[in-house]
Each structure stands twice: as C-alpha cells, then as structure tokens.
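# sequence isn't available, so here's the structure alone:
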C-alpha cells in the first residue's frame, strides 16, 4: 500500500512538472505587457486580458499560417499511416531478399540527426522544384516519420495470427479484402500511436519550414511565423506566449480525439 502511495505521489509530481510550462505559457499570454516585463514574478495575474490573443489573431497571415500547418500535418499523418501499414505488411508477411537489411536501414535512418540532413535535403528539394511549396514540407516530414512508423507497425502486424488471414482466404476473400477488412481494423490502434508521432513532428517543425520556405510568405507555417514577434529592440513576449498557446491547442485536441486508441495502441506495442 505504501509503495502505491509513493508511486502515485511521484506520478503527481512528474505531471505537475510537465504541466507547469504549459500553465506558465498560458498565464503569460493572459498577462498585460506591464506584468510580463515586471521583475515581481507571480504565478497568477490580477488583471487578465485577451489583448495578446487579439493581437495575434488579427495579425497579418495568422489564419493562413494555421491552415498551412494543419494541411501539412494532416497530409503527413494520412500518408505515413497508409504507407507504414502497407510497408509493415510487406516486411512481416512476405519473405524477400534483403528484408533484414531494409529493417536495419529503418533503424539507422532514425539515428541520423536532422541538422546533418538539412542541407542535402535542400538540394534535393531544389532539384525537384519544390522550394517555397507545402509539398516540400510534406515530403520531408513523411521521409522522417516513416522509418519509425514502419518499425512500430511491424510489431502490430506480426501480432495478428496468420491463421486468421488464411481462414478468410479459404472462405473466398481476396488479398485486398483480407488487408483492408480484417488486418487493417486489428492494427488500427497502432496506426493511431504512430500518427501521434507524425502529427507532432510535422506540426512543430521549424528547421525545414525555415529552410524550404524562403520567399513564399503565404506558405509559411506557424512555428516559423512566430519569428514575427521577435524584434531586434524588444521581443513581444505577450504575442509569443499567446501564439504559442494557440499553437498548442490543436495538439491537445488531437490527443483528446485519439486518446483511447492511443492507450490501447501503446499497450499493444509493449506486448509485441
């Protein structure tokens, strides 16, 4: 009993430490400019205001940047889930030459730092004539999210008994029917778990957005658009915190929507 209380206390402390930066961000967004710059730091505000949020929402291009981020993130989530599922089935259910080598390459791809690949990827995107387009961000984010997604989905596909698919084929089901009507629903929790990773990576991307979107301001995403509030003489911390809070809300909504399947998906990943 004592061990359980200690574990709960530790979990509560960890949760508070994790949530405190989010609380401070939202609190700073609600503070007037005088309180934010004051040396008398307090974990509350007696004069909350929505001025910072109004300034951000009415600012030039914020809705457009929000839409761009949403389009890139959703495209990466859908494409990575689809490709990862098909690739996981291929490396799990079929025997082919260099299968182990392919799986090892997936792991190696995860070990390479993003910074080391930024410049080579810039030349690739330039040669494909995708600079200043959202397609460049989708393509690059997809390339970075797929190795993890495929490796994780491999465990979910392997956990489904092959006898189940064989029984369906004996009853007259084709390969496509088995794939989409039997196997896909069973590994759906795993797809949700990998989709969370893909969504967060694409939504929070800053390096690639700044590298590939050079002159097309209308194609900027939210992380790079935050630079508007960083000024040479004095940073607009109220605007920065308000924009960061607004940027966090879609992530929280996404987590709430997929919460149940995410828990079951992570549980399945541990079992496999």
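Yep, that arrived. If you're wondering where the values come from, they're calculated on a predicted model, not measured in any experiment.
# what's the burial count for residue 135?
Using other Cβ atoms under 10 Å, residue 135 is surrounded by 17 other residues. Backbone N, C-alpha and C define where each C-beta goes, glycine included.
# which SS state does it fall under?
For residue 135, the assignment made with DSSP: H, G, I helix; E, B strand; the rest coil gives helix.
# any idea how far residue 79 is from it?
According to Cβ to Cβ, to the nearest Å, residue 135 and residue 79 sit 11 Å apart.
# cool, residue 8 as well?
From residue 8 to residue 79 the distance is 40 Å (Cβ to Cβ).
# quick one: which of those two has more around it?
Neighbours per residue (other Cβ under 10 Å) separate residue 8 from residue 79, with residue 79 holding more: 17 against 10.
# what element comes up after the strand or helix carrying the more buried one heading to the C-terminus?
Element membership of residue 79, judged by DSSP states H and E, is helix 62-93. On the C-terminal side of helix 62-93, the nearest following helix or strand under DSSP H and E is helix 99-111.
# can you tell me what sits against that next one?
91, 147, 148, 150, 151, 154 (Cβ atoms under 8 Å, 6 or more residues apart in numbering).
# now with 6 Å, please.
91, 147, 150, 151 (Cβ atoms under 6 Å, 6 or more residues apart in numbering).
# so who does the first one touch?
Applying Cβ under 6 Å, 6+ apart, one finds that residue 91 lies in contact with 99, 154.
# 8 Å instead?
Residue 91 makes contact with 99, 102, 103, 150, 154, according to Cβ under 8 Å, 6+ apart.
# the second one too?
Counting by Cβ under 8 Å, 6+ apart, residue 147 touches 105, 106, 107, 109, 110.
# name the element it belongs to?
Using DSSP H and E, residue 147 falls within helix 134-159.
# where exactly do the helices run in this protein?
2-30, 33-36, 51-57, 62-93, 99-111, 114-127, 134-159, 162-170, 175-177, 184-186, 188-203, 207-212, 222-225, 237-271 (DSSP state H).
# from the contacts of residue 147, which is closest to residue 17?
The nearest member of the contacts of residue 147 to residue 17, counting by Cβ to Cβ, is residue 110 at 27.3 Å.
# count the residues that sit near that closest one.
For residue 110, the neighbour count with other Cβ under 10 Å is 10.
# which residue is the nearest non-sequential neighbour of the one residue sitting closest to the centre of the chain?
Centroid-nearest residue in the chain, with Cα atoms, centre = their mean: residue 200, separated by 1.6 Å. Excluding its sequence neighbours, the residue lying closest to residue 200 (Cβ to Cβ, 6 or more residues apart in numbering) is residue 251, at 6.5 Å.
# per-residue pLDDT, that neighbour?
Per-residue confidence (pLDDT) for residue 251: 83.
# who touches it in this structure?
The contact partners of residue 251, taken as Cβ under 8 Å, 6+ apart, are 199, 200, 203.
# and the residue lying closest to residue 47 once chain neighbours are set aside, what does it touch?
Leaving aside its sequence neighbours, residue 47 sits nearest to residue 32 (Cβ to Cβ, 6+ apart; 5.7 Å). Contacts for residue 32 (Cβ under 8 Å, 6+ apart) come out as 45, 47, 49, 51, 238.
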